[in-house]
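> coords please:
(one chain, ligands or ions: 1)
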Amino acid sequence: MNTPSPQTPSTMKTPTPTAAENSTALATSSWWQHGVVYQIYIRSFADGNGDGEGDLTGLRSRLDYLATLGVDAVWINPWYASPMRDGGYDVADYRAIDPRFGNITEAEQFIEEAHARGIRVIADLVPNHTSSDHVWFQEALAAPPGDPARERYIFRPGAGDGSEPPSNWESVFGGSTWTRVADGEWYLHIFDPSQPDLNWEHPEVRDEFDAIFRFWLDRGIDGFRIDVAHGLIKDMAFPDVDGRTDLLEAEHPVDHPHWDRDGVHPIIRRWRSIVDEYDDRMMLAEAWVHAERLPLYLRPDEYHQAFNFDLLDATWSADSFGRIIGRSLDAAQAVGATSTWVLSNHDVVRHATRYGLPNDLAWRRWISDGPTSALDREVGSRRARAAALVTLALPGSTYIYQGEELGLHEVADLPTDVLQDPVWERSGQTERGRDGCRVPIPWTEEGPSFGFGADAAWLPQPTSFGAQSVEAQDRDPNSMLTLYRAAIALRRSRFPGDLHLTFVEMGTDILAWMRGDDILVVANMSPSAVAIPPNGDVLLASAPTLNGMLPPDAAAWIDIQS
Ligand code: GLC
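Next up, the predicted model:
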């Protein structure tokens, strides 16, 4: 490791504002515009009935944990009745809770109990496809070709003599997007064959989703995260495309036959008018689209917010983070929206691990191909602490993926026989998929499943989880959990509610900005220690500061006294 050495005196004293970037003092008023939202992968959060999978009973028993953490809202990954072939993103019944998670009454109790603690609840809605177990798809399969029951999905005859798929489209999880049924027709599935795509040109499909929105709004749901919001509409001429389209990529070519088609917008407006019938509710898009197309989704009668996934691909450098932050704030403000900040979620390698890999190593491949020796866990953990202070100091809303407040790493070495992500099989067992970030949360230092609630959790937890458990971190004033709690509390009490941010020049590979008149945020992404301004009072730091110096891979919030 490099020995920390001070920056040159010219860069170490008083930070100089470089530009009045993002200076529009747009006031944030609604809860979702500046909230801290905690993402709950319910299957892995807390197990209340001891069957190895998380559930509503477990989640309800941990609501006080979330209240103490200080979050404004929770987003729950799909909890609907599902055969779980894609972790619940294969919904068999949108009005029922999967029995492994509980039932509707318990969901209502949960929403009420969350509200009693001032925590809003965002549900995850999956409109692009249903499960193949959905009654509509079962009806479609039982019906002959040409029957109206097939029209709610996308069935077509094959190409050539009928034995070839209707187009060359490749599924996000690998393989063709078309599967042939016994009578010779093919149906479309952009994801797994167990996730047939709905036909959004069909009025019954549109009406059904109107009713599903109302069903959950009436039960007190405060917002919806809309899955694959850039899907839905397809070019029904099914032209061939070049190459596979990875969902987690925004670089789809313009005029792609199944991503980001203009026809999605009237559907969004229809949903928005329903959501607007209720007070203070919101819709959030998971849309992997070109940066210049995203604002279309954020027009005043469309989504309230869209996920901004750019930080997921940021390399650990002030330049990469700075560019993304500036660009994201500008883009959001241009359409009167607020930005969202995401470091991890249930689809990507946990960021403590990503930041422990060399910048030039593609983590999407590393997860399957290694080498494991490329990972420096300690560096990753340090940077993850710094990243928490970076994202929690930004204007807009910050999404925290469960376990990141414990500093959990990707479990990259799960035995292959426990892998459940369809990606593993669909890729011919060449891509491990997303299970490594979905391993159940450790609540206690010891005991079966580290207090998750079962003898054995549905995905095995590594022994390192004990030391990272909530119990272990609760009593440690220097733990990641303590840092998150302090940061969220300070963010609430000290940060201004506007969207103003002014970048500050503090030296090479130092990312710094002012919030309001008095709070300086500094992230040291350089290999040397950097001096904290002498008039500064450190409110919070991700690593101990020594003699007025902030070490490498660390961030701090500093009160600049005038
Ligand atoms: C979204 C979800 C992902 C799921 C996919 C298909 O991208 O985040 O987990 O596999 O949609 O529904």
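> which parts of the stretch 451-562 of the chain are helices?
470-474, 480-494 (DSSP state H, counting those that start in this stretch).
> contacts for the first one, please.
Read that as helix 470-474. 65, 406, 441-445, 451, 466, 479-482 (Cβ atoms under 8 Å, 6 or more residues apart in numbering). Yep, even glycine has a C-beta here, placed from its N, CA and C like the rest.
> how does this structure divide into domains?
The chain is divided into the following domains under automatic domain parsing: 32-128+203-489, 135-188.
> ok, the longest one near the ligand or not?
Yes. For a cut-off given as Cβ under 6 Å from any ligand atom, domain 32-128+203-489 has contacts with the ligand, namely 86, 89, 126, 227-228, 247, 286, 346-347.
> how far away is residue 103 from the ligand?
Relative to the ligand, residue 103 is positioned 23 Å away (Cβ to the nearest ligand atom, to the nearest Å).
> next SSE after the helix or strand where residue 111 lies?
Here residue 111, judged by DSSP states H and E, is contained in helix 104-116. Downstream of helix 104-116, the next assigned helix or strand under DSSP H and E is strand 120-125.
> helices and strands around that next one, which ones?
strand 73-76, helix 104-116, helix 203-218, strand 223-226 (3 or more Cβ pairs under 8 Å, 6 or more residues apart in numbering; DSSP states H and E).
> mind doing that once more with 7 Å?
Strand 120-125 is packed against strand 73-76, strand 223-226, with contacts defined by 3 or more Cβ pairs under 7 Å, 6 or more residues apart in numbering; DSSP states H and E.
> coming back round to it: mind checking which of the helices of the stretch 451-562 of the chain is nearest residue 217?
helix 480-494 (27.2 Å; Cβ to Cβ).
> give me the buried positions along the closest one.
480-481, 483-488, 490-491, 494 (16 or more other Cβ atoms under 10 Å).
> do the same with stretch 158-167
Buried residues in stretch 158-167 (16+ other Cβ under 10 Å): 159, 165-167.
> dump the helix holding residue 111 to PDB, keeping only the CA atoms.
Provided in PDB are the C-alpha atoms of helix 104-116 (Å, rounded to 0.1, in the frame of the first residue of the first chain):
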ATOM      1  CA  ILE A 104     -52.700 -10.200   2.000                       C
ATOM      2  CA  THR A 105     -53.800  -9.600   5.600                       C
ATOM      3  CA  GLU A 106     -50.200  -9.700   6.700                       C
ATOM      4  CA  ALA A 107     -49.100  -7.400   3.900                       C
ATOM      5  CA  GLU A 108     -51.800  -4.900   5.000                       C
ATOM      6  CA  GLN A 109     -50.600  -5.200   8.600                       C
ATOM      7  CA  PHE A 110     -47.000  -4.600   7.400                       C
ATOM      8  CA  ILE A 111     -48.000  -1.500   5.400                       C
ATOM      9  CA  GLU A 112     -49.800  -0.100   8.500                       C
ATOM     10  CA  GLU A 113     -46.900  -0.900  10.800                       C
ATOM     11  CA  ALA A 114     -44.400   0.700   8.500                       C
ATOM     12  CA  HIS A 115     -46.600   3.800   8.200                       C
ATOM     13  CA  ALA A 116     -46.900   4.000  12.000                       C
END
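> contacting residues around it?
56, 59-60, 63, 74, 79, 96-97, 121, 219-221 (Cβ atoms under 7 Å, 6 or more residues apart in numbering).
> nearest residue to residue 537 other than its sequence neighbours?
Once flanking residues are discounted, residue 537 sits nearest to residue 559: 4.4 Å by Cβ to Cβ, 6 or more residues apart in numbering.
> tell me who's in contact with that neighbour.
Residue 559 touches 518-519, 536-537, 539, counting by Cβ under 7 Å, 6+ apart.
> now the residue of the stretch 401-550 of the chain found nearest the ligand. Nearest residue, chain neighbours left out?
The ligand sits closest to residue 434 of the stretch 401-550 of the chain, with a gap of 6.9 Å, by Cβ to the nearest ligand atom. Leaving out its chain neighbours, the residue that sits closest to residue 434 by Cβ to Cβ, 6+ apart is residue 421, at 4.9 Å.
> next one: residue 348
residue 312 (5.6 Å).
> wait, isn't that neighbour in contact with residue 350?
No. Between residue 312 and residue 350 there is no contact under Cβ atoms under 7 Å: 10.9 Å.
> okay, the two: which has more neighbours?
For residue 312 and residue 350, the more surrounded residue by other Cβ atoms under 10 Å is residue 350, and the numbers stand at 27 against 19.
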